[in-house]
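Chemist: Would you be able to build a 3D model of this:
(4 chains)
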Protein chains: 2
Amino acid sequence: MPELESVIRKLEALDHRITPSRVAVIAAVLAQSGHFSVEDVLRQARAVGRATVFRTMRLLTDLEIVCRVLLEDGSLHYRVSRRGHHHHLVCVSCGNVQDLDECAVAGLVRELAAATEYEIEGHWLEFYGRCASCRSSLALAAKA
Amino acid sequence: MPELESVIRKLEALDHRITPSRVAVIAAVLAQSGHFSVEDVLRQARAVGRATVFRTMRLLTDLEIVCRVLLEDGSLHYRVSRRGHHHHLVCVSCGNVQDLDECAVAGLVRELAAATEYEIEGHWLEFYGRCASCRSSLALAAKA
DNA sequence: ATAGTTATGATACCTGGTATCAGTGAGACG
DNA sequence: CGTCTCACTGATACCAGGTATCATAACTAT
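Modeler: As a prediction, this is how the structure comes out:
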């Protein structure tokens, strides 16, 4: 989990100004556990203007400090990120997110490019399921 | 491309009422080429209430008459659908969509389930790239 | 200290989507 | 053909995510 300090140093290194608003938003983001919506950040950084929160979220996304998590219904959430390109496995019951380190479709992308004459630049891939603990509590509930 | 008539028969068969509003929305949807936003449908079916348009879009999605297309920025569009489960390859330049018939991650899903103890229920997969014709016009523009 | 640029935040707006709820009309049944 | 009922409608208000505008504030290099 990155520290506030290290994120700030990263911004400085890229010639972004360190302002109280930005620090507040970053602190709010780092305080989240799991994935969260912009609304969560807005609530936790009430003093900061709406537009600034969105601007900072975009900045953090561009710097790969957070990544976007696509939920099953198409809504976007965010998540503090530790890696470069990766995918997610989201538990639809408890919301827990498992990071999948390797990009599983790199080979596929090459095949597709050859088959379609597209130059493939990116992709979205997210998996949804039910984690082991949610499955067992479901089984218990069914028995009762 | 399904015809208005056949969509209506499909609704009837599933005990949904055929109303002028629904017919108007379905006609507007079938008139779209490529992928489109709900806004496009709202514009083309102005007489129909906003809520009804959304309700009908959900109905059509549930019946797999349209499918959702996830754009690179996370926004959802719709597209008249001819198949069951499939994925898309979207040209980021002209917006053209190529349907990918086979689900490329079915094998992956099995591997993942074994590795993570999740019961995997679904996934999102979309590819983005540049189609052959957009690539060649880009090359021409660069030369000029 | 100050200049120059970047960031802010209030506000208004856009898009997608849902909740509510009184009113209407499709279509089944007689 | 009438009528009953339930599914459907649409106005409205709301929520969430996100952008545009623009006058004002403030960071930081000099």
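Chemist: surely A:Glu72 meets A:Tyr128?
Modeler: Yes. At 4.9 Å, A:Glu72 and A:Tyr128 qualify as touching, with contact defined as Cβ atoms under 8 Å. Just so you know, the C-beta spots here come from the backbone N, C-alpha and C atoms, and that holds for glycine as well.
Chemist: Show me which of the two is the more surrounded one.
Modeler: Set side by side, A:Glu72 and A:Tyr128 give different neighbour counts by other Cβ atoms under 10 Å in any protein chain shown, the larger being at A:Tyr128 (18 against 14).
Chemist: Spell out the secondary structure type for that one.
Modeler: Classification of A:Tyr128 into helix, strand or coil gives strand, according to DSSP: H, G, I helix; E, B strand; the rest coil.
Chemist: how about A:Tyr78, secondary structure?
Modeler: Classified using three-state DSSP, A:Tyr78 is strand.
Chemist: that older thread, would you mind listing the residues touching both of A:Glu72 and A:Tyr128?
Modeler: Common neighbours of A:Glu72 and A:Tyr128 (criterion: Cβ atoms under 8 Å, 6 or more residues apart in numbering or on different chains): A:90, A:92, B:122.
Chemist: count of residues packed around the second one?
Modeler: Counted with other Cβ under 10 Å, the burial measure for A:Val92 works out to 18 neighbours.
Chemist: quick one: pLDDT of it?
Modeler: For A:Val92, the model assigns a pLDDT of 94.
Chemist: Am I right that it is in contact with A:Arg130?
Modeler: Yes. Look at A:Val92 against A:Arg130 with Cβ under 8 Å: they come within range, at 6.3 Å.
Chemist: shared neighbours of the two, which are they?
Modeler: In terms of Cβ under 8 Å, 6+ apart, A:Val92 and A:Arg130 are both contacted by the residues B:Glu121.
Chemist: okay, now the domains of chain A?
Modeler: Structural domains assigned to chain A are A:1-82, A:84-144, following automatic domain parsing.
Chemist: would JSON lines of those with distance to DNA strand D be doable?
Modeler: Listed next are the domains of chain A as JSON lines, based on distance: least, Cβ to the nearest atom of the strand, whole Å:
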{"stretch": "domain A:1-82", "distance to DNA strand D": "3"}
{"stretch": "domain A:84-144", "distance to DNA strand D": "14"}
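Chemist: Select, out of the ones you listed, the one closest to chain B.
Modeler: domain A:84-144 (3.9 Å; Cβ to the nearest Cβ).
Chemist: Between the two ends of that closest one, how far is it?
Modeler: 44 Å (Cα to Cα, to the nearest Å).
Chemist: Run the chain-centre distance for that domain.
Modeler: If you compare the mean C-alpha spot of domain A:84-144 with that of the full chain, they lie 13 Å apart, counting by Cα atoms, centre = their mean, to the nearest Å.
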